[in-house]
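J.: Generate a structure from the sequence data that follows.
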Amino acid sequence: WLVADRGYDADWLREAIEDKGIKVCIPGRSSRKKTVKYDKRRYKRRNRIEIMFGRLKDRRRVATRYDRCPETFFSAIALAATVLFWL
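T.: You can find the predicted model right below:
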């Protein structure tokens, strides 16, 4: 599934993504003449992921990526996500 904001509501983008076999969950803009069906429940849950990334960016080490090694950077993300989950 690809869940995106109304800003990504374009027919050419929808067709390109669906051609690759990915299901699209993008609500239509208010100026659109034909309404587009989308899974409202799935779109509503997208907010949780955005909040998680916002909280991860609050951690300066993750936001500025001090770690050069990918394994160390991933472990810092995992540690920060674990701490945020339990708080």
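J.: Other residues contacting the helix or strand encompassing Ile17?
T.: Using DSSP states H and E, Ile17 sits in helix 11-19. Contact partners of helix 11-19, identified using Cβ atoms under 8 Å, 6 or more residues apart in numbering, comprise 2, 24, 26, 36. Heads up, the C-betas are built off the backbone N, CA and C, glycines and all.
J.: Assumed the last one was part of a helix.
T.: No. Val36: not assigned to a helix; according to DSSP: H, G, I helix; E, B strand; the rest coil it is coil.
J.: Pull up the gap between the residue of the chain most remote from its centre and Cys25, please.
T.: For the chain, the largest distance from the centre (Cα atoms, centre = their mean) belongs to Lys33, which lies 26.6 Å off. From Lys33 over to Cys25 the distance is 20 Å, taken as Cβ to Cβ, to the nearest Å.
J.: same thing with Ser31?
T.: Ser31 is 20 Å from Cys25, by Cβ to Cβ.
J.: just Arg48 next, same as before
T.: Per Cβ to Cβ, Arg48 is found 14 Å from Cys25.
J.: Looking at these two now, which is surrounded by more residues?
T.: For Arg48 versus Cys25, the count of surrounding residues by other Cβ atoms under 10 Å is larger for Cys25: 17 against 8.
J.: Pull up the per-residue confidence for that one.
T.: Turning to Cys25, the model gives it a pLDDT of 84.
J.: Tell me if I'm right that it and Tyr38 touch.
T.: Yes. Contact criterion Cβ atoms under 8 Å: Cys25 and Tyr38 qualify, at 5.0 Å.
J.: list residues touching both of the two?
T.: In contact with both Cys25 and Tyr38: no residue, using Cβ under 8 Å, 6+ apart.
J.: what does the domain assignment say about the protein?
T.: 1-38, 45-86 (the TED database).
J.: any idea which of the ones you listed scores lowest on pLDDT?
T.: Looking at the domains of the chain, the bottom one is domain 45-86 with a mean of 76.
J.: how long is it end to end?
T.: 20 Å (Cα to Cα, to the nearest Å).
J.: That's all I had, so thanks and see you.
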